[in-house]
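**Student:** Need the 3D shape of this:
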Amino acid sequence: AALKPSPTATQNVIAVLEGSDPVLKNEYVAIGAHYDHVGVGTPVNGDAIYNGADDDGSGTVATLALAEAFARGPRPKRSILFIWHAGEEKGLWGSRYFTESPSVPIGQIITELNIDMIGRTRKENDKPANQTLPKPGEIYLVGSKMMSSELGELNESVNKSYLNLEFNYKYDDPKDTQQFFYRSDHYNYAKKGIPIIFYLDGVHEDYHRPSDSVEKIDYQNMEKIARTIYATAWELANRPTRPRVDKPLPVDGSGN
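**Tutor:** Reported below is the predicted structural model:
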């Protein structure tokens, strides 16, 4: 029998690690990923299960690992908000709901770090559809300099003093044809005036296909990115002031 669509309840998953400073703990560094994917969809070669290992299993488990690392280590001055968004694939539903009905004051979130697809790198002699993937030791960044000069500078300096990944800004222009700035959960935070950093590996042959499977993940590169995000979040959570927003946000998908 054919499947009939029916309403389904879903939810964001949120955890807060309280900061150690009696004043600064009232501000938050948000670290997020989306835990939904396509689910069961149109079969490809008889396979209808869309695994979503990179999109966004990679971001989901990285956020979980970051939460564990922060929970086991010394507490930073500001609080850390970990959020696994629901409904991203349906139209950024979970992040839209959270930013419109936040569980902490939205103006107290100083930065949102969005992890959406960090599991893939370009292999030697890879297929043409994978040629835009970052090479090992590299990751695409979107939005880190778009709203806050301070955030962009802090992000670069932390990286250079730590693992020194290659930050690739190929997709950072909001006018880029891929329009990545408008396509993941960070955008709803940016619309509320919160500076963001979006970490991603772009698109590849397995994007939104059943073949987005776990054996294709580059765990070493994923670990380096997660460690870099930890160091960045730690710095944001401990610096005396929040990153100042000094640039206007592009208002629509055309970059205008």
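**Student:** State the distance from Asp54 to Thr121.
**Tutor:** Remark: distance between Asp54 and Thr121 (CB to CB, to the nearest Å) = 10 Å. Every residue, glycine included, has its C-beta placed from N, CA and C.
**Student:** Quickly list what's touching both of these two.
**Tutor:** Common neighbours of Asp54 and Thr121, using CB atoms under 8 Å, 6 or more residues apart in numbering, are Asp201.
**Student:** Have a look at the two and say which one is more surrounded.
**Tutor:** Asp54 (28 against 22; other CB atoms under 10 Å).
**Student:** Tell me who's in contact with the closest residue to the more buried one other than its chain neighbours.
**Tutor:** Distances taken as CB to CB, 6 or more residues apart in numbering place Gly119 nearest to Asp54, at 4.2 Å, with adjacent residues excluded. The neighbours of Gly119, taking CB under 8 Å, 6+ apart as the test, are Ala53, Asp54, Gly57, Ser58, Asp201, Lys216, Ile217, Asp218, Tyr219, Met222.
**Student:** Test my guess that the third one contacts Lys216.
**Tutor:** No. Applying CB atoms under 8 Å as the test, Gly57 and Lys216 come out as separate, 11.1 Å apart.
**Student:** before we move on, the earlier item: now the buried members of the contacts of Gly119.
**Tutor:** Among the contacts of Gly119, those buried by neighbour count (16 or more other CB atoms under 10 Å) are Ala53, Asp54, Gly57, Ser58, Asp201, Lys216, Ile217, Asp218, Met222.
**Student:** got the buried residues for the longest helix belonging to the chain?
**Tutor:** If you go by DSSP state H, the chain has its longest helix at helix 219-238. Neighbour counts over helix 219-238 (16+ other CB under 10 Å) mark 221-222, 224-237 as buried.
**Student:** count of neighbours near Lys170?
**Tutor:** Lys170: 14 neighbours (other CB under 10 Å).
**Student:** where's it relative to Val104, distance?
**Tutor:** Counting by CB to CB - Lys170 and Val104 are separated by 33 Å.
**Student:** what's the answer for Thr111, then?
**Tutor:** For Thr111 relative to Val104 (CB to CB), the value is 14 Å.
**Student:** List the strands paired with the helix or strand of the chain with the lowest mean pLDDT, with their directions.
**Tutor:** Within the chain, confidence by mean pLDDT, DSSP states H and E is lowest for strand 39-44 among all helices and strands, at a mean of 90. Here strand 39-44 is paired, per DSSP bridges, with strand 47-50 (antiparallel).
**Student:** With just CA atoms, put the partner strand into CSV.
**Tutor:** Extracted in CSV, the C-alpha atoms of strand 47-50 (Å, rounded to 0.1, in the frame of the first residue of the first chain):
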residue,chain,number,x,y,z
ASP,A,47,17.8,1.6,-1.7
ALA,A,48,15.3,4.0,-0.2
ILE,A,49,17.0,4.7,3.1
TYR,A,50,18.9,8.0,3.1
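**Student:** which outside residues touch it?
**Tutor:** Strand 47-50 has contacts (CB under 8 Å, 6+ apart) with His37, Val38, Gly39, Val40, Gly41, Thr42, His208, Arg209, Pro210, Ser211, Asp212.
**Student:** Quick one: name whatever helix or strand follows that strand.
**Tutor:** Where DSSP states H and E defines the elements, the next helix or strand beyond strand 47-50 is helix 59-72.
**Student:** So what touches the helix or strand just after that next one?
**Tutor:** Sequence order places strand 79-85 as the next helix or strand after helix 59-72, per DSSP H and E. Residues from elsewhere that reach strand 79-85 (CB under 8 Å, 6+ apart): 12-19, 25-36, 60, 63, 66-67, 70, 92, 94-95, 98, 104, 109, 185, 233, 237.
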